[in-house]
Structure formats: C-alpha cells, structure tokens
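**Q** need the 3D shape of this:
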Amino acid sequence: MIPDWLADLVTGTEDLDELLPERRVVELPMITRFRGITSRQALVFRGPAGWSEFSPFAEYAAPEAARWLAGALEFGHRPAPAPLRDAVPLNGTIPDCPPAAVPGLIARYPGAGTFKIKIAARGIASLDTDLARIRTVRAHTPAARLRFDANTGYPLADAQQLCAAIAELPEVGDWLEYIEQPVASVEDLARLREWIAARGLPIRIAADESIRKADDPYRVAVLGAADVIIVKAQPLGGAQHAAEVVTGCGLPAVVSSALETGIGLRAGALLAASLPVDTAAEAIFAGPPACGLGTGALFAEDIISEPGPGGSENAATLPAARTAPDPQLLAAHTADAGAHAWWDARVRECLTELRRVA
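**A** Residues are numbered from 1 along each chain as shown. Here you go, the predicted model:
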C-alpha cells in the first residue's frame with residue numbers, strides 16, 4: 001500500500017508534464033569512478049513544493065525504482081519534515097580507490113571529522129587492499145572518526161576475518177564507528193554481530209541494504225542484526241517512511257545519499273535534521289551523526305551553485321533547506337534527447353508499479 005495522497009496523485013493523471021513539471025534529465029561528470037560509473041544521470045523537476053529528484057540506478061528494476069519515484073514525488077509535492085537543526089554534519093566518502101588517490105579525495109572534504117571508506121569492491125577487493133586504504137586514510141586524518149562500507153561484499157567467513165583484522169588496528173575502539181552491511185542477508189548480519197560479541201571485539205555493525213532493499217526493514221531490529229541503521233530518503237519512498245523506519249527499529253540512524261545531485265541531497269539533509277538524537281546515538285557519535293550526504297564532492301560539477309558538497313565549494317555541513325538548480329549549470333549539464341526519452345519511459349514503468357499497489 002502507498003499513502004492516500006500518493007495514490008490520488010499517480011492515479012489522477014497520465015500526463016508527465018503535470019506530474020513532473022519542468023523536468024530535466026542531467027548528467028554530471030565524476031572526479032573518480034564510484035559504483036562502477038564515471039558520470040551520474042538524474043531526472044530533476046519542480047513540483048508544487050519545490051525542486052526534487054528521481055535517480056534510481058540503471059540496474060534497479062521497476063518494483064524497486066518505484067519506491068524512489070514515491071520519494072521524489074513526496075519531496076516535490078509535499079512539505080518537507082520540520083528540521084530540528086539548521087544544518088547537518090557530513091562524512092567524507094573515500095571510494096574503492098588506490099591508496100595513492102586517498103589524499104586528493106580527502107582534500108575534497110575540508111573540515112570533515114568523519115570519513116566513510118568503501119571496501120569489498122566487487123572484482124577487485126582483497127583484505128590487504130582494503131586495509132591499505134584504511135591505513136592511508138588514518139595516516140592523513142589521524143583525528144577523524146571512520147566508518148567502513150562493504151555494500152554486502154563479503155561472505156560471512158570473510159567478514160569475520162575482516163573484523164578480526166580491523167580489531168587489531170591501534171586504538172580502533174576510539175575511532176571506528178561501524179562497519180556497514182558487510183554481508184548480504186539479515187540473518188548473516190545477526191550471526192556476525194553475535195560472533196563479534198562473543199569475542200569482545202570493539203566493532204559495531206550498521207545495516208543499509210537490509211533496510212532500504214528489504215520487504216520488512218524491521219527484521220534488522222527483531223533479529224538484533226545491527227547497532228546502527230542507514231536510511232536514505234529517496235530509496236525508502238520518502239522522508240515520512242524513512243522516519244517511520246527509524247522509529248520502528250528503535251536504533252541510532254545515519255542518513256545517507258544515493259549519489260544524488262545537490263537537489264536530492266537536500267531531501268536527505270531535511271530528513272536528517274528532523275530526527276532527534278537519542279542517548280544511544282550520542283554514545284556512538286557524540287552528537288548528531290555525520291551524514292553520508294557529501295557525495296556531491298565526487299562530482300566535477302553539480303547543478304547547484306551554493307557552497308557545500310554538491311555546490312561550488314566543499315564544506316563539512318549541509319543546510320537543512322530546499323534548493324534549486326542554477327539555470328546556467330542546469331543548461332550545461334542537460335542530457336541528450338535519448339536520455340530524456342529513456343527516463344520518461346522509466347517513470348511510466350514506475351507509475352504502473354505505484355498504481356498497482358495504490
């Protein structure tokens with residue numbers, strides 16, 4: 001089922017110009033390969049509530065991508081959640097890159113006190129490579145707190161080996177916040193967390209794919225499979241559902257991005273700024289957790305001109321406020337007619353899915 005307002009919206013019109021007014025497909029070049037791509041396409045549009053973004057990755061089939069469309073429509077057509085803070089702190093993101101590339105990427109995040117390091121890259125991952133990247137980040141940011149993101153890349157036995165190796169790093173309990181989704185299934189997350197506890201390792205587990213790709217995101221909490229959950233506004237169908245998942249799981253939450261443009265990142269910032277910080281989160285993060293919303297720094301240029309990751313300069317915080325594209329940047333990065341036709345067809349497929357469950 002979907003909310004009544006969304007059911008009324010998607011069943012009330014077949015006209016994409018009415019549903020997604022002033023829509024434009026943009027393509028942004030990246031400074032480094034990330035998730036196997038070197039440029040990012042997204043459909044942005046101006047709805048009654050402001051500019052929004054629809055940008056599921058190309059490999060996501062319509063049933064999953066439809067949740068992203070629900071999130072995009074919510075941000076474009078509904079009021080954003082009321083923020084409790086004016087801005088949110090950001091983590092820097094270090095892709096699965098050679099150690100020699102790390103210093104240049106760190107420089108994209110001046111002032112950041114937290115970094116997320118991608119590990120377990122498909123096809124090129126090795127424990128030695130991952131540990132070398134981790135040690136390089138540590139050497140260049142000795143005061144920073146770190147988190148590692150494996151994107152389900154390890155079998156359970158390899159994840160145990162990784163945790164054992166990480167636990168031997170100097171003073172790891174002082175600077176490691178968590179390892180994100182080291183294994184694919186919720187059951188294996190729970191098994192890994194039990195294995196960690198039995199050995200007294202100073203390592204927390206975060207769940208991402210087990211939240212945003214799951215039919216039942218609450219199983220993470222039911223099975224005791226994570227210490228932290230990762231939530232993303234657009235992939236979870238919007239800020240309202242994301243906030244419900246946070247409340248229902250009862251676990252500290254970190255808001256992250258799905259490599260959106262500066263438009264989509266603000267949906268995440270408003271979600272993050274609306275979430276209260278409880279004592280469990282305070283114990284892990286010593287304040288509001290740094291959000292994974294700084295991925296705009298991985299673009300060579302974005303479609304907004306405001307300072308901050310995704311704008312003309314980089315910073316360690318992101319305003320909890322809507323934004324709009326710069327007309328010149330929007331024109332400069334508009335994709336070709338073929339891309340527009342492809343995205344329109346994708347929107348129609350997702351609308352069919354949403355109408356099916358309305």
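
**Q** how would you label the closest residue in space to L330 that isn't next to it in sequence: helix, strand or coil?
**A** Nearest residue to L330, sequence neighbours excluded (Cβ to Cβ, 6 or more residues apart in numbering): I303, at 5.1 Å. Every C-beta, even on glycine, is put in place using the N, C-alpha and C of the backbone. Under the three-state scheme (DSSP: H, G, I helix; E, B strand; the rest coil), I303 adopts coil.

**Q** residue contacts, I303?
**A** Neighbour list for I303: 26, 28, 44, 261-263, 325-326, 329-330, 333 [criterion: Cβ atoms under 8 Å, 6 or more residues apart in numbering].

**Q** low pLDDT regions in the stretch 101-250 of the chain?
**A** For the stretch 101-250 of the chain, applying pLDDT under 70 flags the ranges 122-125.

**Q** so where do the strands sit in it?
**A** 114-118, 145-149, 176-180, 205-207, 228-231 (DSSP state E, counting those that start in this stretch).

**Q** just put the ones you listed in a markdown table and tack on distance to P252 and mean neighbour count.
**A** Listed next are the strands of the stretch 101-250 of the chain as a markdown table, based on distance: least, Cβ to Cβ, whole Å; neighbours: other Cβ atoms under 10 Å:
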| stretch | distance to P252 | mean neighbour count |
| --- | --- | --- |
| strand 114-118 | 14 | 24 |
| strand 145-149 | 12 | 23 |
| strand 176-180 | 9 | 24 |
| strand 205-207 | 9 | 27 |
| strand 228-231 | 5 | 25 |
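
**Q** tell me which of those strands sits nearest to G36.
**A** Smallest distance to G36 across those (Cβ to Cβ): 11.6 Å, for strand 114-118.

**Q** quick one: list the elements packing against the closest one.
**A** strand 92-94, helix 127-140, strand 145-149 (3 or more Cβ pairs under 8 Å, 6 or more residues apart in numbering; DSSP states H and E).

**Q** quick one, the helix or strand hosting V26 and strand 114-118 angle?
**A** Assigning secondary structure by DSSP states H and E places V26 in strand 24-34. Note on geometry: by axes from the mean of the first three to the mean of the last three Cα atoms, to 10 degrees, strand 24-34 and strand 114-118 are set 80 degrees apart in direction.

**Q** in the next helix or strand along the chain from strand 24-34, what's buried?
**A** Using DSSP H and E, the helix or strand that follows strand 24-34 in sequence is strand 37-47. Residues 40-47 are the ones in strand 37-47 that count as buried (16 or more other Cβ atoms under 10 Å).

**Q** name every strand pairing with the helix or strand just after strand 37-47 and say which way it goes.
**A** Using DSSP H and E, the helix or strand that follows strand 37-47 in sequence is strand 50-54. Strand 50-54 has the following sheet partners, assigned by DSSP bridges: strand 37-47 (antiparallel).

**Q** list the contacts of the strand it pairs with.
**A** Under Cβ under 8 Å, 6+ apart, the answer for strand 37-47 is 20-30, 32, 51-55, 58, 72-73, 75-77, 259-261, 263-264, 299, 303, 324-325, 330, 335, 339, 343, 347.

**Q** of those, buried ones?
**A** Counted by 16+ other Cβ under 10 Å, the contacts of strand 37-47 give 20, 23-26, 28, 30, 51-55, 72-73, 75-77, 259-261, 263-264, 299, 303, 324-325, 330, 335, 343, 347 as buried.

**Q** what does the average pLDDT come to for stretch 286-303?
**A** Mean per-residue pLDDT for stretch 286-303: 93.

**Q** ok so, going back, JSON lines for the buried residues of strand 37-47, including pLDDT?
**A** As requested, the buried residues of strand 37-47 are exported to JSON lines (pLDDT from 0 to 100):
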{"residue": "R40", "pLDDT": "97"}
{"residue": "Q41", "pLDDT": "98"}
{"residue": "A42", "pLDDT": "98"}
{"residue": "L43", "pLDDT": "98"}
{"residue": "V44", "pLDDT": "98"}
{"residue": "F45", "pLDDT": "98"}
{"residue": "R46", "pLDDT": "97"}
{"residue": "G47", "pLDDT": "96"}
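
**Q** tell me how far the nearest residue to V26 once chain neighbours are set aside lies from R40.
**A** Closest residue to V26 apart from its sequence neighbours, by Cβ to Cβ, 6+ apart: H333 at 4.5 Å. As judged by Cβ to Cβ, to the nearest Å, H333 and R40 stand 10 Å apart.

**Q** overlap in contacts, the two.
**A** Contacts common to H333 and R40, judged by Cβ under 8 Å, 6+ apart, are 27-28.

**Q** show me which residues of stretch 207-224 are buried.
**A** Using 16+ other Cβ under 10 Å as the burial criterion, the residues of stretch 207-224 that qualify are 207-213, 217, 219-221, 223.

**Q** out of those, the closest to T93 would be?
**A** Closest to T93, out of all of the buried residues of stretch 207-224 and judged by Cβ to Cβ, is D208, at 13.4 Å.

**Q** where does that closest one fall, phi/psi-wise?
**A** phi -120, psi -70 (degrees, to the nearest 10).
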